[in-house]
Each structure stands twice: as C-alpha cells, then as structure tokens.
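Student: Pasted the sequence and its predicted model underneath.
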Amino acid sequence: MRIGSFQADEYGELQRLVDSLYSNKHEIDRLDLVVQAEILDLPADLMEIVTLLPPGIYERSRLCDQLNSSLAAHGWGSLYGTVE
C-alpha cells in the first residue's frame, strides 16, 4: 500500500483484468476469469474477490456488478478500485 494513501499498489488491477477479458468477447465464463487472474498472479485479496464469483457465463455489466458487490462487502472498493 502506498504510504499516506488509501489505495493499494494493485489499485485498478481488477479493471485491467476485466478490460483484457472483454477486449474481443461479449461474454466470459467464470473459469476464464479465475484462470486469467491466476496467470496475472493477482494478490490474495483480489483472488478472493474473483473466486467468490458464482459459476456461470457473464456479460460485462453483470460481472462488474458481482465484483463490485464483493468489493463493497469487504470494504475494499476504495483500496483496490471498482470495475465498470
């Protein structure tokens, strides 16, 4: 975490993950998200958010809603950023 800041160094990593997954697809499977998050070696907190996602196929807006809900439940939205 940056000193004197409420943002983690990993701030925006989930947004970059979502952007990369939807760069050429309209829907993704949860498994694609988990595998890509593991490849990117996301920190444990963000992996927890990703793995809390229920199995299924997601359009971008639904995935973002799910991820943002988990971030809010943990109180991590301002720490790691939300996704759109």
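Tutor: Looks like it arrived, so ask away. Numbers count the residues shown, from 1 in each chain.
Student: From here on, just use CA atoms for contacts and neighbour counts.
Tutor: Noted.
Student: quick one: the lengthiest helix in the chain to chain centroid distance?
Tutor: The longest helix of the chain (DSSP state H) is helix 60-74. Offset of helix 60-74 from its chain centre (C-alpha atoms, centre = their mean, to the nearest Å): 8 Å.
Student: Put the alpha carbons of whichever helix or strand comes after it into PDB.
Tutor: With elements assigned by DSSP states H and E, the helix or strand that comes after helix 60-74 is helix 77-80. Taking Å, rounded to 0.1, in the frame of the first residue of the first chain, the C-alpha atoms of helix 77-80 are listed here in PDB:
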ATOM      1  CA  GLY A  77     -13.700  -0.500  -3.200                       C
ATOM      2  CA  SER A  78     -11.500   2.500  -2.400                       C
ATOM      3  CA  LEU A  79      -8.500   0.300  -1.700                       C
ATOM      4  CA  TYR A  80      -8.500  -1.700  -5.000                       C
END
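Student: Name the residues that touch helix 77-80?
Tutor: Residues outside helix 77-80 that contact it (C-alpha atoms under 8 Å, 6 or more residues apart in numbering): F6, Q7, A8, E10, Y11, G12, E13, L14, N68, L71.
Student: Same check on stretch 28-42?
Tutor: For stretch 28-42, the external contacting residues (C-alpha under 8 Å, 6+ apart) are 13, 17, 21-22, 47, 50-51, 53-59.
Student: Now intersect those with the strands, please.
Tutor: The strands, defined by DSSP state E, take in I57, Y58, E59 from these.
Student: Next, format those as TSV and append distance to L33, neighbour count and pLDDT.
Tutor: Output for the ones in strands among the contacts of stretch 28-42, formatted as TSV (distance: C-alpha to C-alpha, whole Å; neighbours: other C-alpha atoms under 10 Å; pLDDT from 0 to 100):
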residue	distance to L33	neighbour count	pLDDT
I57	10	14	97
Y58	10	16	97
E59	12	13	97
